[in-house]
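Student: would you be able to build a 3D model of this:
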Amino acid sequence: VSLLKLGTFALPCIVAAVPAILLESWISLAIGVAVGLMLFANAHVVLEWESAVVLRFGHLHRIQGPGIFFTIPFVEFVAAFMDQRVTATTFSAERTLTADCVPVDVDAVLYWMVWDPKSACVEVANYRDAVFWVAQTTLRDAIGNVSIAELSTRRKMLDDQIKEALVAKTETWGITVISVEMRDIIIPKGLQDALSREAQAERERSARITL
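Tutor: Down below sits the predicted model:
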């Protein structure tokens, strides 16, 4: 009888405590899931050839190297992942006039890399677009300073001149220019025939003098 009375008294207490226990378990589970998601969202992996630019309260705080790292929620964030491998960018100068007013189309390749992730992130809005446009304008300026004959025969010299000009313009962006190589020079068809005849006449002249 005593056990029956005890069970009759304890059963309502157990039934009343079950919702509280379940509620506490659900709260603990929700907190655990939220903490896990927050840690997952603030975990970052930097690849071997990358550098991460980390800002704290909007100010540059550190440059993070390869590996895994964590940021403080609502305080730090990754502004950019900088690829520091050598990049090849193709660019061209279409219908550009030489010093003797000959329109030419020139294709070139620029080899460059980011050596200072901080400057590449802070000093310029989009460093890839900036490199492309400055390379194109520098190529146009270089073509406008030489004649069509010099453009064809002094290509290596022009490559070096363009490289020096690009180095001076991109150094403050944390970017270094490795080399510039012109791939193709396209001149009008009629001018090609005229240059060919001129070269042939020059060779015939040399042959007559030698004879």
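Student: what helix or strand is the most centrally placed residue in the chain on?
Tutor: Relative to the mean C-alpha position of the chain, the nearest C-alpha, by CA atoms, centre = their mean, is the one of R128, at 4.9 Å. Assigned by DSSP states H and E, R128 belongs to helix 127-144.
Student: that helix packs against which elements?
Tutor: Applying 3 or more CB pairs under 8 Å, 6 or more residues apart in numbering; DSSP states H and E, one finds that helix 127-144 makes contact with strand 87-97, strand 103-114, helix 155-170, strand 175-186. C-beta coordinates here come from the backbone N, C-alpha and C atoms, glycine included.
Student: wait, isn't H44 in contact with G65?
Tutor: No. The pair H44 and G65 fails to qualify as a contact (CB atoms under 8 Å) at a distance of 11.7 Å.
Student: tell me which of the two has more neighbours.
Tutor: H44 (16 against 12; other CB atoms under 10 Å).
Student: contact partners for the more buried one?
Tutor: Each residue near H44 by CB atoms under 8 Å, 6 or more residues apart in numbering is listed here: A52, Q64, I68, F69, F70, T71, V78.
Student: any idea how far it is from I72?
Tutor: As defined by CB to CB, to the nearest Å, H44 lies at a distance of 12 Å from I72.
Student: next: V146.
Tutor: Counting by CB to CB, the gap from V146 to I72 is 56 Å.
Student: what of C121?
Tutor: When distances are taken as CB to CB, C121 and I72 turn out to be 19 Å apart.
Student: those two: who's more crowded?
Tutor: Set side by side, C121 and I72 give different neighbour counts by other CB under 10 Å, the larger being at C121 (23 against 11).
Student: so which strand or helix has that one?
Tutor: helix 117-122.
Student: isn't V167 up against V177?
Tutor: Yes. Taking contact to mean CB under 8 Å, the distance of 5.0 Å between V167 and V177 places them in contact.
Student: quick one: which of the two has more around it?
Tutor: V177 (23 against 15).
Student: hey, what's that one bridged with?
Tutor: As for beta bridges, V177 partners with W112 under DSSP bridges.
Student: need the contact list for R140.
Tutor: Taking CB under 8 Å, 6+ apart as the definition of contact, the neighbours of R140 are A93, T96.
Student: about what we covered before: list the contacts of the residue nearest to the centre of the chain.
Tutor: Contacts of R128 (CB under 8 Å, 6+ apart): T87, T89.
Student: relative to W115, how far out is it?
Tutor: Applying CB to CB to R128 and W115 gives a distance of 15 Å.
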